[in-house]
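Asker: Build me a structure from this.
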Amino acid sequence: MTSGKVQEAQARPETSERFDELVDAFVHVSDPQTVAAFLRDLCTTAELDAMGQRLQVARLVDEAVSYQEISRRTGASTATVTRVAHWLHHGEGGYGAVLKRARK
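Answerer: Have a look, this model is predicted:
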């Protein structure tokens, strides 16, 4: 666990437990139809759209598209593009792992 996660877990243990339970739920789903059904039950359409947009932004940042062009193509603000780029390059590695799997 990174120091940030340790601090977060100490500050709000229920959040950490909820996050762990959510991760566990995804880990135990193996087929795309069940993942899609779970996401649709779990999230609002706005939340799903925002997450999908962030993944599109991450893919385009990874392809070295300019932030202005990413904003134009996806409708994301440049602030969102900057934030996603930061997490892509300096985060936990989740975006990178998902993008790598998608390229295969």
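Asker: Check the average confidence over the longest helix along the chain, would you?
Answerer: The longest helix of the chain (DSSP state H) is helix 45-62. Helix 45-62 carries an average pLDDT of 98.
Asker: how many neighbours does residue 19 have?
Answerer: 14 (other C-beta atoms under 10 Å). Bear in mind the C-beta positions are built from the backbone N, C-alpha and C, glycine included.
Asker: typo on my end, residue 26
Answerer: Using other C-beta under 10 Å, residue 26 has 11 neighbouring residues.
Asker: go on, residue 43?
Answerer: 13.
Asker: and if you look at residue 76?
Answerer: Residue 76 has 21 nearby residues by other C-beta under 10 Å.
Asker: which residues touch it?
Answerer: The contact partners of residue 76, by C-beta atoms under 8 Å, 6 or more residues apart in numbering, come to 53, 54, 56, 57, 70, 84.
Asker: lowest average confidence, helix or strand, in the protein?
Answerer: helix 3-11 (a mean of 53; mean pLDDT, DSSP states H and E).
Asker: returning to that earlier point: would you mark the buried spots in the longest helix of the chain?
Answerer: For helix 45-62, a neighbour-count test (16 or more other C-beta atoms under 10 Å) marks 53, 54, 55, 56, 57, 58, 59, 60, 61, 62 as buried.
Asker: Thank you, goodbye.
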